[in-house]
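Visitor: Structure for this input, please:
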Amino acid sequence: MLAQTRPVQARRRLPWLIAAMGVLVLVTLLSIMVGSKHIPLLEVLRLLGSAESGEDAAIVNGMRLSRTLFGLAVGVSLGLAGALMQGLTRNPLADPGLLGVGAGAALGVVLTTSVFGVTALFGYIWFAFAGAMAATVVVYVLGSLGRGGANPAKLALAGAAVSALLQSVISMILLLDSATLDDYRFWAVGSLNVPDSSTLLQVLPFLVLGVVLAAVSAPGLNILALGDDVARALGQNVLAMRLLGAVAITLLAGGATAVCGPIAFLGLVVPHIARMLTGPDQRWVLAYSAVLAPTLLLAADVLGRVIADRSEVHVGIVVAFLGAPFFIALVRRRKLPEL
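Guide: The predicted model follows:
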(Lines give C-alpha, C1' and ligand atoms only; values in the text may rest on other atoms or scores of the structure.)
Protein backbone atom coordinates (compact mmCIF):
# COMPACT_ATOMS: atom_id res chain seq x y z
CA MET A 1 0.00 0.00 0.00
CA LEU A 2 2.84 2.38 0.89
CA ALA A 3 4.60 1.60 -2.38
CA GLN A 4 1.42 2.52 -4.26
CA THR A 5 0.86 5.82 -2.49
CA ARG A 6 4.39 7.15 -3.04
CA PRO A 7 4.23 7.17 -6.87
CA VAL A 8 0.83 8.87 -6.67
CA GLN A 9 2.31 11.50 -4.34
CA ALA A 10 5.26 11.94 -6.71
CA ARG A 11 2.94 12.54 -9.67
CA ARG A 12 1.16 15.27 -7.76
CA ARG A 13 4.29 17.18 -6.77
CA LEU A 14 4.52 19.36 -9.87
CA PRO A 15 0.78 20.22 -10.10
CA TRP A 16 0.72 21.12 -6.40
CA LEU A 17 3.84 23.26 -6.84
CA ILE A 18 2.26 25.10 -9.77
CA ALA A 19 -0.89 25.65 -7.70
CA ALA A 20 1.24 26.98 -4.81
CA MET A 21 2.98 29.39 -7.18
CA GLY A 22 -0.44 30.61 -8.34
CA VAL A 23 -1.44 31.29 -4.74
CA LEU A 24 1.85 33.17 -4.24
CA VAL A 25 1.04 35.41 -7.21
CA LEU A 26 -2.40 36.18 -5.76
CA VAL A 27 -0.97 36.98 -2.32
CA THR A 28 1.69 39.17 -3.95
CA LEU A 29 -1.01 41.21 -5.69
CA LEU A 30 -2.98 41.45 -2.43
CA SER A 31 0.15 42.76 -0.71
CA ILE A 32 0.27 45.63 -3.18
CA MET A 33 -3.49 46.27 -3.13
CA VAL A 34 -4.29 46.17 0.59
CA GLY A 35 -3.31 48.72 3.19
CA SER A 36 -4.54 51.90 4.80
CA LYS A 37 -5.79 52.79 1.33
CA HIS A 38 -7.23 50.03 -0.83
CA ILE A 39 -6.22 50.20 -4.50
CA PRO A 40 -8.21 48.10 -7.01
CA LEU A 41 -6.44 45.29 -8.85
CA LEU A 42 -6.78 46.81 -12.32
CA GLU A 43 -5.37 50.09 -11.05
CA VAL A 44 -2.45 48.25 -9.45
CA LEU A 45 -1.68 46.43 -12.70
CA ARG A 46 -1.84 49.71 -14.63
CA LEU A 47 0.43 51.59 -12.22
CA LEU A 48 3.08 48.90 -11.74
CA GLY A 49 6.31 50.14 -13.27
CA SER A 50 4.71 53.27 -14.72
CA ALA A 51 6.23 56.72 -14.50
CA GLU A 52 2.98 58.35 -13.38
CA SER A 53 2.89 60.72 -10.45
CA GLY A 54 0.16 60.94 -7.90
CA GLU A 55 -0.77 59.36 -4.59
CA ASP A 56 -1.75 55.92 -5.89
CA ALA A 57 1.36 55.62 -8.04
CA ALA A 58 3.57 56.62 -5.11
CA ILE A 59 1.89 54.05 -2.86
CA VAL A 60 2.13 51.23 -5.42
CA ASN A 61 5.62 51.81 -6.78
CA GLY A 62 7.21 53.56 -3.84
CA MET A 63 5.94 51.82 -0.71
CA ARG A 64 4.07 48.59 -1.30
CA LEU A 65 6.10 47.23 -4.20
CA SER A 66 9.39 47.44 -2.28
CA ARG A 67 7.71 46.00 0.82
CA THR A 68 6.32 43.10 -1.21
CA LEU A 69 9.69 42.41 -2.83
CA PHE A 70 11.25 42.37 0.64
CA GLY A 71 8.62 39.84 1.70
CA LEU A 72 9.35 37.61 -1.27
CA ALA A 73 13.12 37.69 -0.73
CA VAL A 74 12.96 37.20 3.05
CA GLY A 75 10.30 34.48 2.77
CA VAL A 76 12.29 32.46 0.25
CA SER A 77 15.44 32.85 2.35
CA LEU A 78 13.89 31.78 5.66
CA GLY A 79 11.93 28.93 4.08
CA LEU A 80 15.03 27.51 2.43
CA ALA A 81 17.14 28.05 5.56
CA GLY A 82 14.64 26.13 7.69
CA ALA A 83 14.29 23.24 5.24
CA LEU A 84 18.05 23.06 4.76
CA MET A 85 18.71 23.08 8.50
CA GLN A 86 16.17 20.32 9.14
CA GLY A 87 17.71 18.23 6.37
CA LEU A 88 21.30 18.74 7.49
CA THR A 89 20.67 18.01 11.16
CA ARG A 90 17.94 15.40 10.52
CA ASN A 91 16.05 17.27 13.20
CA PRO A 92 12.33 18.04 12.64
CA LEU A 93 12.56 20.83 15.25
CA ALA A 94 15.46 22.61 13.55
CA ASP A 95 14.86 26.25 12.70
CA PRO A 96 17.15 29.27 12.32
CA GLY A 97 15.43 30.79 15.34
CA LEU A 98 15.29 27.74 17.57
CA LEU A 99 18.89 26.69 16.91
CA GLY A 100 20.38 30.06 17.72
CA VAL A 101 21.10 31.35 14.20
CA GLY A 102 18.70 34.27 14.53
CA ALA A 103 20.01 35.16 17.97
CA GLY A 104 23.59 35.02 16.71
CA ALA A 105 22.79 37.37 13.85
CA ALA A 106 20.92 39.68 16.21
CA LEU A 107 23.89 39.79 18.59
CA GLY A 108 26.18 40.69 15.68
CA VAL A 109 23.91 43.59 14.71
CA VAL A 110 23.59 44.84 18.29
CA LEU A 111 27.33 44.68 18.95
CA THR A 112 28.10 46.54 15.74
CA THR A 113 25.56 49.26 16.46
CA SER A 114 26.49 49.68 20.12
CA VAL A 115 30.28 49.33 20.03
CA PHE A 116 31.15 50.73 16.61
CA GLY A 117 28.12 52.96 15.97
CA VAL A 118 27.55 51.37 12.56
CA THR A 119 23.98 51.71 11.24
CA ALA A 120 24.53 51.07 7.52
CA LEU A 121 23.58 47.64 6.20
CA PHE A 122 26.94 46.95 4.58
CA GLY A 123 28.58 47.76 7.90
CA TYR A 124 26.66 45.42 10.19
CA ILE A 125 25.62 42.64 7.80
CA TRP A 126 29.07 41.06 8.03
CA PHE A 127 28.72 40.87 11.80
CA ALA A 128 25.26 39.36 11.37
CA PHE A 129 26.78 36.66 9.15
CA ALA A 130 29.60 36.08 11.64
CA GLY A 131 27.17 35.82 14.55
CA ALA A 132 24.90 33.43 12.67
CA MET A 133 27.82 31.20 11.65
CA ALA A 134 29.31 31.20 15.16
CA ALA A 135 25.96 30.26 16.71
CA THR A 136 25.51 27.43 14.18
CA VAL A 137 28.93 25.99 14.95
CA VAL A 138 28.52 26.25 18.73
CA VAL A 139 25.08 24.61 18.70
CA TYR A 140 26.24 21.76 16.49
CA VAL A 141 29.40 21.17 18.56
CA LEU A 142 27.44 21.16 21.83
CA GLY A 143 24.78 18.89 20.31
CA SER A 144 27.46 16.46 19.12
CA LEU A 145 29.11 16.01 22.50
CA GLY A 146 28.60 12.81 24.43
CA ARG A 147 27.53 9.34 23.43
CA GLY A 148 25.58 8.97 20.20
CA GLY A 149 26.67 12.24 18.61
CA ALA A 150 24.17 14.82 17.38
CA ASN A 151 20.50 13.96 17.54
CA PRO A 152 17.32 16.08 17.37
CA ALA A 153 16.79 16.30 21.13
CA LYS A 154 20.39 17.29 21.91
CA LEU A 155 20.51 19.86 19.12
CA ALA A 156 17.21 21.38 20.25
CA LEU A 157 18.46 21.64 23.84
CA ALA A 158 21.79 23.10 22.72
CA GLY A 159 19.97 25.61 20.51
CA ALA A 160 17.69 26.66 23.36
CA ALA A 161 20.68 27.12 25.70
CA VAL A 162 22.74 29.10 23.17
CA SER A 163 19.75 31.26 22.22
CA ALA A 164 19.05 32.03 25.88
CA LEU A 165 22.69 32.96 26.46
CA LEU A 166 22.85 35.21 23.40
CA GLN A 167 19.57 36.89 24.30
CA SER A 168 20.94 37.58 27.77
CA VAL A 169 24.01 39.25 26.28
CA ILE A 170 21.79 41.28 23.94
CA SER A 171 19.60 42.39 26.86
CA MET A 172 22.66 43.43 28.87
CA ILE A 173 23.98 45.55 26.01
CA LEU A 174 20.61 47.18 25.41
CA LEU A 175 20.12 48.03 29.08
CA LEU A 176 23.48 49.82 29.07
CA ASP A 177 22.90 51.65 25.77
CA SER A 178 19.54 53.40 25.39
CA ALA A 179 20.36 54.66 21.89
CA THR A 180 20.90 51.13 20.61
CA LEU A 181 17.72 50.04 22.40
CA ASP A 182 15.70 52.61 20.46
CA ASP A 183 16.98 51.22 17.16
CA TYR A 184 16.75 47.59 18.23
CA ARG A 185 13.19 47.53 19.59
CA PHE A 186 11.68 48.29 16.18
CA TRP A 187 14.00 45.88 14.39
CA ALA A 188 13.56 43.02 16.89
CA VAL A 189 9.83 42.46 16.28
CA GLY A 190 10.43 41.55 12.63
CA SER A 191 9.06 43.90 10.00
CA LEU A 192 8.99 44.25 6.22
CA ASN A 193 8.55 48.00 6.49
CA VAL A 194 12.14 48.82 5.56
CA PRO A 195 12.38 52.53 4.74
CA ASP A 196 15.16 52.34 2.13
CA SER A 197 14.25 50.26 -0.94
CA SER A 198 17.90 50.16 -2.01
CA THR A 199 18.55 47.92 1.00
CA LEU A 200 17.10 45.00 -0.94
CA LEU A 201 19.61 45.48 -3.74
CA GLN A 202 22.42 45.55 -1.18
CA VAL A 203 21.47 42.29 0.50
CA LEU A 204 20.15 40.50 -2.61
CA PRO A 205 23.55 39.14 -3.78
CA PHE A 206 24.04 37.37 -0.44
CA LEU A 207 20.54 35.87 -0.58
CA VAL A 208 20.94 34.75 -4.20
CA LEU A 209 24.24 33.07 -3.36
CA GLY A 210 22.55 31.34 -0.43
CA VAL A 211 19.75 30.09 -2.71
CA VAL A 212 22.30 28.72 -5.19
CA LEU A 213 24.21 26.91 -2.44
CA ALA A 214 20.96 25.49 -1.06
CA ALA A 215 20.05 24.14 -4.51
CA VAL A 216 23.50 22.58 -4.84
CA SER A 217 23.10 20.97 -1.40
CA ALA A 218 19.69 19.45 -2.14
CA PRO A 219 20.78 16.13 -3.73
CA GLY A 220 23.25 15.49 -0.93
CA LEU A 221 20.53 15.92 1.69
CA ASN A 222 18.73 12.84 0.40
CA ILE A 223 21.91 10.79 0.83
CA LEU A 224 22.62 12.33 4.23
CA ALA A 225 19.13 11.27 5.37
CA LEU A 226 20.31 7.64 5.13
CA GLY A 227 22.85 8.32 7.89
CA ASP A 228 26.44 9.51 7.99
CA ASP A 229 27.92 6.01 7.67
CA VAL A 230 25.84 5.18 4.60
CA ALA A 231 26.62 8.55 3.05
CA ARG A 232 30.35 7.96 3.50
CA ALA A 233 29.99 4.46 2.06
CA LEU A 234 28.38 6.02 -1.02
CA GLY A 235 31.41 8.26 -1.48
CA GLN A 236 30.00 11.47 -0.01
CA ASN A 237 32.12 13.91 1.98
CA VAL A 238 29.78 14.45 4.93
CA LEU A 239 31.85 17.26 6.44
CA ALA A 240 31.94 19.16 3.14
CA MET A 241 28.18 18.70 2.70
CA ARG A 242 27.45 20.08 6.16
CA LEU A 243 29.89 22.96 5.68
CA LEU A 244 28.26 23.91 2.38
CA GLY A 245 24.85 23.78 4.00
CA ALA A 246 26.04 25.84 6.97
CA VAL A 247 27.33 28.57 4.64
CA ALA A 248 24.00 28.59 2.79
CA ILE A 249 22.03 28.83 6.05
CA THR A 250 24.28 31.64 7.28
CA LEU A 251 23.79 33.66 4.09
CA LEU A 252 20.03 33.08 3.96
CA ALA A 253 19.09 33.41 7.63
CA GLY A 254 21.79 35.97 8.48
CA GLY A 255 20.96 38.20 5.51
CA ALA A 256 17.20 38.06 6.11
CA THR A 257 17.60 38.72 9.83
CA ALA A 258 19.97 41.63 9.25
CA VAL A 259 17.42 43.34 7.01
CA CYS A 260 14.06 42.60 8.62
CA GLY A 261 14.84 41.37 12.11
CA PRO A 262 14.16 37.91 13.52
CA ILE A 263 10.97 36.27 12.22
CA ALA A 264 10.22 33.14 14.20
CA PHE A 265 8.46 29.90 13.20
CA LEU A 266 8.50 30.53 9.43
CA GLY A 267 11.50 28.29 8.82
CA LEU A 268 10.13 25.75 11.29
CA VAL A 269 6.54 25.31 10.08
CA VAL A 270 6.87 25.67 6.31
CA PRO A 271 9.20 22.68 5.70
CA HIS A 272 6.74 20.45 7.56
CA ILE A 273 3.90 21.63 5.33
CA ALA A 274 6.10 21.01 2.28
CA ARG A 275 7.03 17.54 3.52
CA MET A 276 3.37 16.65 4.00
CA LEU A 277 2.77 17.48 0.33
CA THR A 278 5.92 16.07 -1.24
CA GLY A 279 7.22 13.27 0.93
CA PRO A 280 10.84 13.00 2.09
CA ASP A 281 12.60 14.04 -1.14
CA GLN A 282 14.63 17.06 -0.03
CA ARG A 283 14.80 18.55 -3.52
CA TRP A 284 11.03 18.96 -3.59
CA VAL A 285 10.91 20.03 0.05
CA LEU A 286 13.29 22.89 -0.73
CA ALA A 287 11.32 23.88 -3.84
CA TYR A 288 8.02 23.91 -1.97
CA SER A 289 9.52 25.77 0.99
CA ALA A 290 10.80 28.48 -1.36
CA VAL A 291 7.21 29.03 -2.56
CA LEU A 292 5.17 28.44 0.60
CA ALA A 293 7.31 30.57 2.95
CA PRO A 294 6.91 33.89 1.07
CA THR A 295 3.21 33.10 0.62
CA LEU A 296 2.75 32.75 4.38
CA LEU A 297 4.93 35.77 5.13
CA LEU A 298 3.11 38.10 2.72
CA ALA A 299 -0.28 36.83 3.89
CA ALA A 300 0.73 37.55 7.49
CA ASP A 301 1.93 41.02 6.48
CA VAL A 302 -1.40 41.78 4.77
CA LEU A 303 -3.29 40.49 7.83
CA GLY A 304 -1.19 42.71 10.09
CA ARG A 305 -2.20 45.77 8.08
CA VAL A 306 -5.95 45.17 8.30
CA ILE A 307 -6.47 43.88 11.87
CA ALA A 308 -5.32 47.11 13.55
CA ASP A 309 -7.32 50.29 13.05
CA ARG A 310 -5.16 53.10 11.60
CA SER A 311 -2.01 51.18 12.42
CA GLU A 312 -0.41 47.81 11.74
CA VAL A 313 0.84 44.77 13.58
CA HIS A 314 4.39 43.83 12.54
CA VAL A 315 4.69 40.71 10.47
CA GLY A 316 6.99 38.99 12.97
CA ILE A 317 4.23 39.11 15.58
CA VAL A 318 1.57 37.83 13.18
CA VAL A 319 3.75 34.96 11.95
CA ALA A 320 4.51 33.90 15.54
CA PHE A 321 0.81 34.14 16.44
CA LEU A 322 -0.15 31.93 13.48
CA GLY A 323 2.86 29.62 13.47
CA ALA A 324 3.00 28.60 17.12
CA PRO A 325 -0.53 27.12 17.36
CA PHE A 326 -0.14 25.46 13.98
CA PHE A 327 3.07 23.74 15.01
CA ILE A 328 1.60 22.66 18.36
CA ALA A 329 -1.34 21.14 16.48
CA LEU A 330 1.07 19.46 14.07
CA VAL A 331 3.07 17.91 16.91
CA ARG A 332 -0.08 16.74 18.72
CA ARG A 333 -1.57 15.29 15.56
CA ARG A 334 1.33 13.02 14.70
CA LYS A 335 4.70 12.05 16.09
CA LEU A 336 7.53 13.85 14.34
CA PRO A 337 10.15 11.31 13.25
CA GLU A 338 13.84 11.99 12.88
CA LEU A 339 14.62 13.03 9.30
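Visitor: helices or strands up against the one helix or strand A231 maps to?
Guide: Using DSSP states H and E, A231 sits within helix 228-233. Judged by 3 or more CB pairs under 8 Å, 6 or more residues apart in numbering; DSSP states H and E, the packing partners of helix 228-233 are helix 198-224, helix 238-260. The way it works is simple: take the backbone N, C-alpha and C, and place the C-beta from them, glycine included.
Visitor: Find the one among those helices with the highest mean neighbour count.
Guide: Compared across the helices and strands packed on helix 228-233, helix 238-260 shows the largest average neighbour count, a mean of 24 (mean count of other CB atoms under 10 Å).
Visitor: Tell me which helix or strand comes right after it.
Guide: Per DSSP H and E, helix 238-260 leads on to helix 266-278 as the next helix or strand towards the C-terminus.
Visitor: Give me the buried positions along the helix holding A231.
Guide: Residues 228, 231 are the ones in helix 228-233 that count as buried (16 or more other CB atoms under 10 Å).
Visitor: pLDDT value on L339, please?
Guide: L339 is assigned a pLDDT of 54 by the prediction.
Visitor: again but with A290, I slipped
Guide: At A290, pLDDT is 95.
Visitor: And D301, by the same measure?
Guide: D301 is given a pLDDT of 91.
Visitor: Please, which helix or strand holds it?
Guide: Going by DSSP H and E, D301 is part of helix 282-306.
Visitor: M133 too?
Guide: helix 121-144.
Visitor: Not counting the helix or strand following that helix itself, show me its contacts.
Guide: As assigned by DSSP H and E, the chain's next helix or strand after helix 121-144 is helix 152-176. Outside of helix 152-176, the residues that reach it under the criterion CB atoms under 8 Å, 6 or more residues apart in numbering are 89-94, 97-100, 102-104, 106-107, 110-111, 114, 135, 138-140, 142-146, 148, 180-181, 184, 338.
Visitor: The same query, at a cut-off of 6 Å, please.
Guide: 89, 91, 93, 98-100, 103, 107, 110, 114, 135, 138-139, 142-143, 181, 184, 338 (CB atoms under 6 Å, 6 or more residues apart in numbering).
Visitor: now do stretch 266-285
Guide: Outside stretch 266-285, the residues that reach it (CB under 6 Å, 6+ apart) are 9, 13, 16, 78-79, 81-83, 86-87, 95-96, 218, 221-222, 288-289, 292-293, 319, 323, 326-327, 330.
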